[in-house]
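1. Turn this into a structure:
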Amino acid sequence: MTVPLNAYLVSIVAAAIPVLIFVAVVYWADQYEKEPGPLLLAVFFWGALPGAYFAVRVRGMFELPLNSWIELEGSWIIIGAPLVEETIKAFALLLLVLFYWKEFDTPLDGFIYGAMIGLGFAWAENVLVMAPLYAADNLTAWWLTWLGRGVFFGFNHALFTSMTGLGVAFGRLSSRRIVRWLAPFCGWFAAVLLHTIHNLGTVDGIPTIITPLTDSSGLVVLIVIVVWALLQERRWIRDYLKKELEYGTIRLSQYEIACSIQHRTARLLHVLSRYGWRRFRRESAFYHRCSELAYLKHHYELRNGAANLDAVTAKRREVTYLSAEL
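-> This next block holds a predicted model:
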(Lines give C-alpha, C1' and ligand atoms only; values in the text may rest on other atoms or scores of the structure.)
Protein backbone atom coordinates (compact mmCIF):
# COMPACT_ATOMS: atom_id res chain seq x y z
CA MET A 1 0.00 0.00 0.00
CA THR A 2 1.28 3.44 -0.93
CA VAL A 3 1.27 5.75 2.08
CA PRO A 4 0.32 9.34 1.20
CA LEU A 5 2.40 12.28 2.35
CA ASN A 6 -0.25 13.61 4.73
CA ALA A 7 -0.19 10.33 6.70
CA TYR A 8 3.54 10.76 7.23
CA LEU A 9 3.22 14.42 8.17
CA VAL A 10 0.51 13.77 10.77
CA SER A 11 2.47 10.84 12.21
CA ILE A 12 5.72 12.84 12.28
CA VAL A 13 4.10 15.59 14.33
CA ALA A 14 2.25 13.19 16.64
CA ALA A 15 5.30 11.00 17.26
CA ALA A 16 7.43 14.09 17.94
CA ILE A 17 5.32 15.24 20.91
CA PRO A 18 6.38 12.59 23.47
CA VAL A 19 9.89 12.41 21.98
CA LEU A 20 10.44 16.14 22.57
CA ILE A 21 9.32 15.74 26.19
CA PHE A 22 11.82 12.92 26.70
CA VAL A 23 14.54 14.98 24.96
CA ALA A 24 13.86 17.86 27.38
CA VAL A 25 14.15 15.49 30.37
CA VAL A 26 17.45 14.07 29.11
CA TYR A 27 18.82 17.55 28.42
CA TRP A 28 17.74 18.73 31.87
CA ALA A 29 19.55 15.79 33.51
CA ASP A 30 22.86 17.19 32.27
CA GLN A 31 23.06 19.75 35.07
CA TYR A 32 26.68 20.81 35.45
CA GLU A 33 27.98 20.89 31.88
CA LYS A 34 25.57 20.94 28.94
CA GLU A 35 26.73 19.12 25.83
CA PRO A 36 27.03 21.16 22.59
CA GLY A 37 23.62 21.66 20.99
CA PRO A 38 24.79 20.98 17.39
CA LEU A 39 26.35 17.69 18.49
CA LEU A 40 23.18 16.62 20.29
CA LEU A 41 21.14 17.43 17.20
CA ALA A 42 23.57 15.50 15.01
CA VAL A 43 23.35 12.31 17.08
CA PHE A 44 19.56 12.65 17.41
CA PHE A 45 19.14 12.83 13.65
CA TRP A 46 21.66 10.03 13.16
CA GLY A 47 19.24 7.84 15.09
CA ALA A 48 16.24 9.23 13.18
CA LEU A 49 17.59 9.14 9.63
CA PRO A 50 20.63 6.95 8.83
CA GLY A 51 20.05 4.76 11.88
CA ALA A 52 16.43 3.96 11.10
CA TYR A 53 17.09 3.73 7.34
CA PHE A 54 19.87 1.15 7.67
CA ALA A 55 17.90 -0.82 10.25
CA VAL A 56 14.99 -1.10 7.80
CA ARG A 57 17.32 -2.05 4.93
CA VAL A 58 19.06 -4.75 6.94
CA ARG A 59 15.73 -6.13 8.11
CA GLY A 60 14.54 -6.41 4.51
CA MET A 61 17.69 -8.35 3.62
CA PHE A 62 17.89 -10.76 6.54
CA GLU A 63 14.47 -11.18 8.17
CA LEU A 64 13.25 -14.04 5.94
CA PRO A 65 16.57 -15.96 5.94
CA LEU A 66 16.81 -15.66 9.73
CA ASN A 67 13.22 -16.79 10.29
CA SER A 68 13.77 -19.81 8.04
CA TRP A 69 17.15 -20.67 9.56
CA ILE A 70 15.96 -20.46 13.18
CA GLU A 71 12.67 -22.28 13.59
CA LEU A 72 11.30 -19.90 16.19
CA GLU A 73 8.30 -17.64 15.79
CA GLY A 74 9.44 -14.03 15.82
CA SER A 75 13.14 -14.92 15.58
CA TRP A 76 13.92 -11.62 13.86
CA ILE A 77 12.17 -9.62 16.59
CA ILE A 78 13.92 -11.54 19.37
CA ILE A 79 17.41 -11.96 17.86
CA GLY A 80 17.86 -9.91 14.69
CA ALA A 81 16.33 -6.56 15.57
CA PRO A 82 18.21 -6.00 18.87
CA LEU A 83 21.55 -6.95 17.31
CA VAL A 84 21.10 -4.85 14.18
CA GLU A 85 19.50 -1.79 15.75
CA GLU A 86 21.82 -1.50 18.74
CA THR A 87 24.88 -1.99 16.54
CA ILE A 88 23.78 0.72 14.09
CA LYS A 89 23.02 3.12 16.96
CA ALA A 90 26.36 2.28 18.61
CA PHE A 91 28.17 3.28 15.42
CA ALA A 92 27.31 6.94 16.09
CA LEU A 93 28.79 6.65 19.60
CA LEU A 94 31.93 5.12 18.09
CA LEU A 95 32.28 8.11 15.74
CA LEU A 96 31.74 10.48 18.66
CA VAL A 97 34.41 8.94 20.84
CA LEU A 98 36.85 8.87 17.90
CA PHE A 99 36.38 12.45 16.70
CA TYR A 100 34.87 14.27 19.70
CA TRP A 101 36.47 12.34 22.57
CA LYS A 102 36.97 15.53 24.59
CA GLU A 103 33.18 15.77 25.00
CA PHE A 104 33.18 12.60 27.12
CA ASP A 105 34.09 14.24 30.43
CA THR A 106 31.91 12.12 32.74
CA PRO A 107 29.83 8.91 32.56
CA LEU A 108 26.73 11.12 32.33
CA ASP A 109 27.87 12.34 28.90
CA GLY A 110 27.66 8.78 27.59
CA PHE A 111 24.11 8.51 28.87
CA ILE A 112 23.15 11.83 27.25
CA TYR A 113 24.48 10.97 23.79
CA GLY A 114 23.18 7.40 23.88
CA ALA A 115 19.72 8.50 24.95
CA MET A 116 19.57 11.17 22.23
CA ILE A 117 20.45 8.62 19.54
CA GLY A 118 17.80 6.25 20.89
CA LEU A 119 15.12 8.95 20.96
CA GLY A 120 15.85 9.90 17.35
CA PHE A 121 15.58 6.26 16.33
CA ALA A 122 12.32 5.81 18.27
CA TRP A 123 10.81 8.85 16.58
CA ALA A 124 11.55 7.54 13.07
CA GLU A 125 10.49 3.99 13.89
CA ASN A 126 7.18 5.14 15.36
CA VAL A 127 6.46 7.21 12.26
CA LEU A 128 7.09 4.20 10.01
CA VAL A 129 4.64 2.12 12.06
CA MET A 130 1.96 4.80 12.51
CA ALA A 131 1.79 6.28 9.00
CA PRO A 132 0.38 3.13 7.27
CA LEU A 133 -2.30 2.86 9.98
CA TYR A 134 -3.34 6.46 9.40
CA ALA A 135 -3.38 5.92 5.63
CA ALA A 136 -5.66 2.88 6.10
CA ASP A 137 -8.01 5.05 8.19
CA ASN A 138 -7.45 2.74 11.15
CA LEU A 139 -7.41 5.60 13.64
CA THR A 140 -8.02 3.42 16.69
CA ALA A 141 -4.90 1.37 15.98
CA TRP A 142 -3.01 4.56 15.12
CA TRP A 143 -3.95 6.14 18.46
CA LEU A 144 -3.13 2.99 20.45
CA THR A 145 0.23 2.71 18.68
CA TRP A 146 1.03 6.32 19.54
CA LEU A 147 0.03 5.74 23.16
CA GLY A 148 1.92 2.45 23.52
CA ARG A 149 5.07 3.00 21.46
CA GLY A 150 5.28 6.76 21.84
CA VAL A 151 4.25 7.35 25.44
CA PHE A 152 4.38 4.22 27.61
CA PHE A 153 7.39 2.68 25.90
CA GLY A 154 8.67 5.88 24.31
CA PHE A 155 11.89 5.94 26.31
CA ASN A 156 12.85 2.34 25.52
CA HIS A 157 15.31 2.97 22.70
CA ALA A 158 16.90 5.74 24.78
CA LEU A 159 17.22 3.28 27.67
CA PHE A 160 18.85 0.63 25.47
CA THR A 161 21.34 2.88 23.70
CA SER A 162 22.20 4.80 26.87
CA MET A 163 23.71 1.53 28.13
CA THR A 164 26.08 1.56 25.15
CA GLY A 165 26.80 5.23 25.79
CA LEU A 166 27.64 4.56 29.42
CA GLY A 167 29.98 1.76 28.37
CA VAL A 168 31.73 4.03 25.87
CA ALA A 169 32.08 6.78 28.50
CA PHE A 170 33.46 4.43 31.15
CA GLY A 171 35.96 3.13 28.60
CA ARG A 172 37.01 6.61 27.56
CA LEU A 173 37.51 7.77 31.15
CA SER A 174 39.35 4.71 32.46
CA SER A 175 43.12 4.65 32.81
CA ARG A 176 43.18 0.84 32.49
CA ARG A 177 43.54 -0.57 28.97
CA ILE A 178 41.36 -3.61 29.58
CA VAL A 179 38.50 -1.39 30.79
CA ARG A 180 38.88 0.90 27.78
CA TRP A 181 38.31 -2.10 25.49
CA LEU A 182 35.78 -4.10 27.50
CA ALA A 183 33.50 -1.33 28.82
CA PRO A 184 32.06 -0.32 25.40
CA PHE A 185 31.42 -3.97 24.52
CA CYS A 186 29.73 -4.59 27.89
CA GLY A 187 27.55 -1.50 27.37
CA TRP A 188 26.55 -2.67 23.89
CA PHE A 189 25.84 -6.18 25.21
CA ALA A 190 23.61 -4.73 27.97
CA ALA A 191 21.73 -2.70 25.33
CA VAL A 192 21.16 -5.80 23.15
CA LEU A 193 20.13 -7.88 26.17
CA LEU A 194 17.58 -5.32 27.42
CA HIS A 195 16.24 -4.89 23.88
CA THR A 196 15.95 -8.66 23.42
CA ILE A 197 14.11 -9.21 26.71
CA HIS A 198 11.75 -6.34 25.88
CA ASN A 199 10.98 -7.85 22.47
CA LEU A 200 10.29 -11.26 24.00
CA GLY A 201 7.11 -9.84 25.51
CA THR A 202 5.73 -9.07 22.04
CA VAL A 203 5.96 -12.68 20.81
CA ASP A 204 2.93 -14.99 21.08
CA GLY A 205 3.23 -17.64 23.76
CA ILE A 206 5.58 -15.62 25.99
CA PRO A 207 4.12 -13.76 29.02
CA THR A 208 3.66 -10.09 28.15
CA ILE A 209 4.49 -9.12 31.74
CA ILE A 210 8.16 -9.59 30.80
CA THR A 211 8.19 -6.33 28.83
CA PRO A 212 6.98 -3.89 31.53
CA LEU A 213 9.01 -5.65 34.22
CA THR A 214 12.21 -5.44 32.20
CA ASP A 215 11.63 -1.87 31.07
CA SER A 216 10.77 -0.60 34.55
CA SER A 217 13.73 -2.43 36.12
CA GLY A 218 16.09 -1.07 33.47
CA LEU A 219 14.74 2.44 33.98
CA VAL A 220 15.27 2.22 37.75
CA VAL A 221 18.86 1.08 37.21
CA LEU A 222 19.41 3.93 34.74
CA ILE A 223 18.03 6.52 37.18
CA VAL A 224 20.35 5.19 39.90
CA ILE A 225 23.32 5.50 37.52
CA VAL A 226 22.37 9.06 36.51
CA VAL A 227 21.98 10.15 40.14
CA TRP A 228 25.30 8.52 41.01
CA ALA A 229 26.98 10.30 38.07
CA LEU A 230 25.57 13.68 39.14
CA LEU A 231 26.79 13.17 42.71
CA GLN A 232 30.20 12.20 41.37
CA GLU A 233 30.32 15.32 39.19
CA ARG A 234 29.40 17.49 42.18
CA ARG A 235 32.20 15.90 44.22
CA TRP A 236 34.73 16.51 41.43
CA ILE A 237 33.66 20.15 41.11
CA ARG A 238 33.77 20.70 44.87
CA ASP A 239 37.17 19.04 45.33
CA TYR A 240 39.02 20.25 42.24
CA LEU A 241 37.77 23.85 42.29
CA LYS A 242 38.67 24.34 45.98
CA LYS A 243 42.34 24.75 45.04
CA GLU A 244 41.34 27.38 42.47
CA LEU A 245 40.32 29.66 45.35
CA GLU A 246 43.97 29.76 46.43
CA TYR A 247 45.10 30.49 42.89
CA GLY A 248 42.60 33.35 42.61
CA THR A 249 40.95 31.72 39.60
CA ILE A 250 37.46 32.17 41.07
CA ARG A 251 35.92 33.91 44.07
CA LEU A 252 34.34 32.15 47.06
CA SER A 253 30.80 33.17 46.04
CA GLN A 254 31.39 31.78 42.55
CA TYR A 255 32.78 28.54 44.00
CA GLU A 256 29.70 28.05 46.18
CA ILE A 257 27.38 28.58 43.22
CA ALA A 258 29.45 26.31 40.93
CA CYS A 259 29.24 23.41 43.41
CA SER A 260 25.44 23.39 43.73
CA ILE A 261 22.76 22.74 41.12
CA GLN A 262 20.23 24.63 43.24
CA HIS A 263 22.51 27.66 43.66
CA ARG A 264 23.36 27.67 39.96
CA THR A 265 19.71 27.53 38.95
CA ALA A 266 18.70 30.28 41.40
CA ARG A 267 21.59 32.51 40.32
CA LEU A 268 20.97 32.11 36.60
CA LEU A 269 17.23 32.70 36.96
CA HIS A 270 17.99 35.87 38.95
CA VAL A 271 20.42 37.05 36.26
CA LEU A 272 17.94 36.30 33.48
CA SER A 273 15.09 38.20 35.15
CA ARG A 274 17.19 41.19 36.20
CA TYR A 275 19.91 41.59 33.56
CA GLY A 276 18.55 39.86 30.50
CA TRP A 277 19.52 37.11 28.10
CA ARG A 278 23.01 38.34 27.20
CA ARG A 279 24.24 38.41 30.80
CA PHE A 280 22.52 35.05 31.39
CA ARG A 281 24.48 33.50 28.52
CA ARG A 282 27.77 34.87 29.86
CA GLU A 283 27.23 33.55 33.39
CA SER A 284 26.00 30.19 32.07
CA ALA A 285 29.20 29.93 30.02
CA PHE A 286 31.29 30.80 33.08
CA TYR A 287 29.85 28.04 35.27
CA HIS A 288 30.06 25.65 32.34
CA ARG A 289 33.80 26.42 32.10
CA CYS A 290 34.17 25.90 35.86
CA SER A 291 32.80 22.38 35.47
CA GLU A 292 35.11 21.72 32.52
CA LEU A 293 38.11 22.86 34.56
CA ALA A 294 37.22 20.43 37.36
CA TYR A 295 36.77 17.54 34.89
CA LEU A 296 40.09 18.33 33.16
CA LYS A 297 41.89 18.30 36.49
CA HIS A 298 40.34 14.92 37.22
CA HIS A 299 41.51 13.59 33.85
CA TYR A 300 45.00 14.94 34.53
CA GLU A 301 45.00 13.08 37.85
CA LEU A 302 44.15 9.87 35.97
CA ARG A 303 46.67 10.42 33.18
CA ASN A 304 49.58 12.71 34.05
CA GLY A 305 50.35 13.73 30.49
CA ALA A 306 51.68 17.03 29.16
CA ALA A 307 48.64 17.44 26.92
CA ASN A 308 46.31 17.10 29.90
CA LEU A 309 48.33 19.64 31.90
CA ASP A 310 48.29 22.09 28.98
CA ALA A 311 44.50 21.70 28.73
CA VAL A 312 44.13 22.40 32.47
CA THR A 313 46.33 25.50 32.23
CA ALA A 314 44.46 26.87 29.22
CA LYS A 315 41.07 26.26 30.84
CA ARG A 316 42.25 27.90 34.08
CA ARG A 317 43.22 31.04 32.15
CA GLU A 318 39.81 31.07 30.46
CA VAL A 319 37.96 30.72 33.77
CA THR A 320 40.13 33.42 35.40
CA TYR A 321 39.32 35.83 32.58
CA LEU A 322 35.58 35.15 32.74
CA SER A 323 35.57 35.43 36.53
CA ALA A 324 37.21 38.87 36.38
CA GLU A 325 34.89 39.97 33.57
CA LEU A 326 31.79 39.05 35.60
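2. what's in contact with stretch 36-53?
-> Stretch 36-53 has contacts (CB atoms under 8 Å, 6 or more residues apart in numbering) with 23, 27, 85, 88-89, 92-93, 96, 100, 103, 112-113, 116-125, 128, 157, 161. C-beta: built from backbone N, CA, C; applies to glycine.
3. Go ahead and build a ChimeraX selection from the buried members of the residues you listed.
-> Entered in ChimeraX, the line below selects the buried ones among these, by 16 or more other CB atoms under 10 Å:
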select :23,85,88,89,92,93,96,103,112,113,116,117,118,119,120,121,122,123,124,125,157,161
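4. wait, Leu222 sits on Phe111?
-> Yes: the pair Leu222 and Phe111 qualifies as a contact (CB atoms under 8 Å) at a distance of 7.4 Å.
5. Show me the common contact partners of these two, please.
-> What both Leu222 and Phe111 touch, as defined by CB under 8 Å, 6+ apart, is the set Ser162.
6. between the two, who's got more neighbours?
-> In this view Leu222 and Phe111 are compared by other CB atoms under 10 Å, and Phe111 has more residues nearby, 25 against 19.
7. and that one, how far is that from Ile225?
-> When distance is defined by CB to CB, to the nearest Å, Phe111 is 7 Å away from Ile225.
8. Need the residues touching each of those two.
-> Counting by CB under 8 Å, 6+ apart, the residues touching both Phe111 and Ile225 are Leu166.
9. Can you name the residues that contact the spatially closest residue to Ala258 that is not a sequence neighbour?
-> Of all residues not flanking Ala258 in the chain, Cys290 sits nearest, at 4.3 Å (CB to CB, 6 or more residues apart in numbering). If you count contacts by CB under 8 Å, 6+ apart, Cys290 has them with 237, 241, 250, 254, 258, 319.
10. Output those residues in TSV; the columns should cover secondary structure.
-> Output for the contacts of Cys290, formatted as TSV (DSSP: H, G, I helix; E, B strand; the rest coil):
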residue	secondary structure
Ile237	helix
Leu241	helix
Ile250	coil
Gln254	helix
Ala258	helix
Val319	helix
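11. any idea which of those residues is the one closest to Ser284?
-> Distance from Ser284 was checked for each of the contacts of Cys290 by CB to CB. The minimum falls on Ala258, at 11.8 Å.
12. I figured that closest one hits Leu241, correct?
-> Yes: the pair formed by Ala258 and Leu241 meets the contact definition of CB under 8 Å, at 6.0 Å.
13. where does stretch 174-193 sit relative to the chain's centre, distance-wise?
-> Its chain's C-alpha centre and that of stretch 174-193 lie 16 Å apart, by CA atoms, centre = their mean, to the nearest Å.
14. distance of Arg235 from Leu20?
-> Looking at Arg235 against Leu20, where the rule is CB to CB, the gap reads 32 Å.
15. should've said Glu292
-> As judged by CB to CB, Glu292 and Leu20 stand 28 Å apart.
16. Equivalent analysis for Phe45, please.
-> With CB to CB as the criterion, Phe45 and Leu20 are 14 Å apart.
17. for Leu193, same thing?
-> Counting by CB to CB, the gap between Leu193 and Leu20 amounts to 28 Å.
18. The two: which is more packed in?
-> Comparing Leu193 with Leu20 by neighbour count (other CB under 10 Å), the higher total belongs to Leu193, at 16 against 12.
19. Using the three-state scheme, assign the residue nearest to Ala258.
-> Remark: Cys290 carries the secondary structure label helix [criterion: three-state DSSP].
20. And Arg267, what's its pLDDT?
-> With respect to pLDDT, Arg267 has a value of 93.
21. Ignore what I typed, I meant Leu302.
-> In this model, Leu302 is scored at 76, pLDDT.
22. And for the spatially closest residue to it that is not a sequence neighbour, the neighbour number?
-> In space, not counting the residues next to it along the chain, Leu302 is nearest to Ser175; the distance is 4.6 Å by CB to CB, 6+ apart. By other CB under 10 Å, the residues close to Ser175 number 11.
23. three-state assignment of Ser175?
-> Counting by three-state DSSP, the three-state call for Ser175 is coil.
24. Is it in contact with Arg303, as I believe?
-> Yes: in terms of CB under 8 Å, Ser175 counts as a neighbour of Arg303; the distance is 5.8 Å.
25. where are the low-confidence patches of the stretch 201-326 of the chain?
-> Under the criterion of pLDDT under 70, the regions of the stretch 201-326 of the chain flagged as low confidence span 201-211, 214-215, 304-307.
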